[in-house]
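> Sequence plus the predicted model coming up.
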Amino acid sequence: MRLDVKQTAAVADNLRAADCQPELIAAFIKCLASGEEQKGLQLLQQHRAQLLARIHNQQQYLDHLDHLLYQLKKCKPSKDELNRNR
């Protein structure tokens, strides 16, 4: 797939927005320019898998924090309970 200058810039912008490093962007554009679209797609799939793994890790952090917050709220006496004990 041959890209003109404007298309190449648009693809590079999109890849930067997808957190792709300059090396990956250059490799992907090179694949397109040399007719190796399948190889370029594989590069993007690998990057997508890495992003998804990071999201899953971040979700685990949130889950742990949510659990801690839940436990702390569960153990904290309510205002009514505090007033009854006075």
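Nice, I can see it.

> From the chain's centroid, how far away is the helix or strand Gln38 falls within?
Counting by DSSP states H and E, the element that carries Gln38 is helix 37-75. How far helix 37-75 lies from its chain's middle: 7 Å, per C-alpha atoms, centre = their mean, to the nearest Å.

> Renumber starting at 20 from here on
Right, with 20 as the first residue, what we last looked at is helix 56-94.

> Tell me, what's the model's pLDDT at the most centrally placed residue in the chain?
For the chain, the residue sitting closest to the mean C-alpha position, by C-alpha atoms, centre = their mean, is Leu70 at 4.3 Å. On pLDDT, Leu70 comes in at 96.

> which residues does it contact?
37-38 (C-beta atoms under 8 Å, 6 or more residues apart in numbering). All C-beta atoms are positioned from the backbone trio N, CA, C, and that covers glycine.

> what residues are up against Gln26?
Gln26 neighbours (C-beta under 8 Å, 6+ apart): none.

> Tell me how far it lies from Lys49.
15 Å (C-beta to C-beta, to the nearest Å).

> likewise Met20?
Applying C-beta to C-beta, the value for Met20 to Lys49 is 12 Å.

> Next: Tyr80.
According to C-beta to C-beta, Tyr80 and Lys49 sit 36 Å apart.

> ok, now Asn102?
71 Å.

> The two - which one has more neighbours?
Counting neighbours by other C-beta atoms under 10 Å for Asn102 and for Lys49 shows that Lys49 has the greater number, 13 against 9.

> Which residues are in contact with that one?
Shown in contact with Lys49 (C-beta under 8 Å, 6+ apart): no residues.

> Now it: which helix or strand?
Lys49 belongs to helix 41-52, assigned by DSSP H and E.

> Distance from that helix to the middle of the chain?
20 Å.

> Report the angle between that helix and helix 56-94.
Angle, helix 41-52 to helix 56-94, by axes from the mean of the first three to the mean of the last three C-alpha atoms, to 10 degrees: 140 degrees.

> Many thanks, we can stop here.
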